[in-house]
Structure formats: C-alpha cells, structure tokens
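Chemist: Requesting a structural model of the entry that follows:
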Amino acid sequence: MKSLWSGMAGALALTAAHQAVNRLRGDAPRMDLLGSEVLAKLAAKAGVRVSPRGRGVRVVALVGDLLANGLFYSLAGRTRHRWRGGLLLGSAAGAGAVLLPGPLGLTAAYATRTRVTSLTAFGLYFLGGVVAAGASHVFSAPGEAD
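Modeler: This is a model prediction of the structure:
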C-alpha cells in the first residue's frame, strides 16, 4: 500500500508541475491534450464520438493520467533500490512521452514542438519518478533497504 501512495505522490508532482509549466511557458509540453487525444481515439474505436477538446474528455483524461502514472510510479517502491527504480522509471516515462506519440499515430508536437518542449516533457516525467522514490523512502521503515 505504501508503494501506491508513493506512486500517487509522483503522479501528483508530475501533474502539478505540468500545470504550472503550462501556465508559465508558451512552449510547454501539452501532455494533457495528448491524453485527451488518446481518450477520443479510444472512444472512436468503441463507436462513440467525442471531441478531444471537450471538458468532460479532459477531466476523464486527467483522472486516467493520475491513476496510470500513479500505478506506474508505484513500481519504484516495490524494489529494494527505490532511488534507482524511481530514476529509471522517470527516465523511461520521459523518453516514452517524447518518443512514442508519433509512432503511435498521435500528435507528436504536443511533446516535441521545440527542443525545450521535449526536454521539459522528459524532465516532468523524470520528476515524477524522483518524487515517487523520495516518497517511498519517507514511507519506508527505518533500516529498510534503499
């Protein structure tokens, strides 16, 4: 259970940082729009037509992102070496965020519009891994492997 809370801490940190960067920079990654696009495409496959720009889709995508990222980052707390795990998970998520949208038929520009956009996208997911590892460390019992 501690690893789930650690994962959610990482997911919340990622999402909060993403929202802050999005408000501050015009070249911020738009992973929120990417999530909405994924949800709209999945709905279309199920025969349901929804707009990726609709508020309902954005809310469902946000909740889905939090849950999926939380479960993913919770893996950091399931290993003996949580710091290494958090760094590796954050790096993998960051690389996936930058490299996978295009090959998956999604709008790659949301994560790769500029070099800063790509580096920021990577950094946000890396941050999630670091926070998940740190939370796992805080939640662990004294003397537990690190």
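Chemist: Could I get the full set of strands for the chain?
Modeler: Shown for the chain, no strands are assigned by DSSP state E.
Chemist: how about low-confidence regions in it?
Modeler: 141-146 (pLDDT under 70).
Chemist: Please point out which parts of the longest helix along the chain sit buried.
Modeler: Counting residues, the longest helix found in the chain (DSSP state H) is helix 115-139. Along helix 115-139, the positions that meet the burial threshold by neighbour count (16 or more other Cβ atoms under 10 Å) are 117-118, 120-122, 124-137, 139. Yep, even glycine has a C-beta here, placed from its N, CA and C like the rest.
Chemist: same for that helix, what does it pack against?
Modeler: Taking 3 or more Cβ pairs under 8 Å, 6 or more residues apart in numbering; DSSP states H and E as the contact definition, the neighbouring helices and strands of helix 115-139 are helix 2-24, helix 55-73, helix 82-99, helix 109-112.
Chemist: so what secondary structure elements neighbour the first one?
Modeler: Helices and strands touching helix 2-24, by 3+ Cβ pairs under 8 Å, 6+ apart, are helix 31-45, helix 55-73, helix 82-99, helix 115-139.
Chemist: can you count the residues close to residue 52?
Modeler: Other residues within reach of residue 52, judged by other Cβ atoms under 10 Å, total 19.
Chemist: Phi and psi next, for it.
Modeler: Recorded main-chain torsions at residue 52 are phi -60, psi -10, according to degrees, to the nearest 10.
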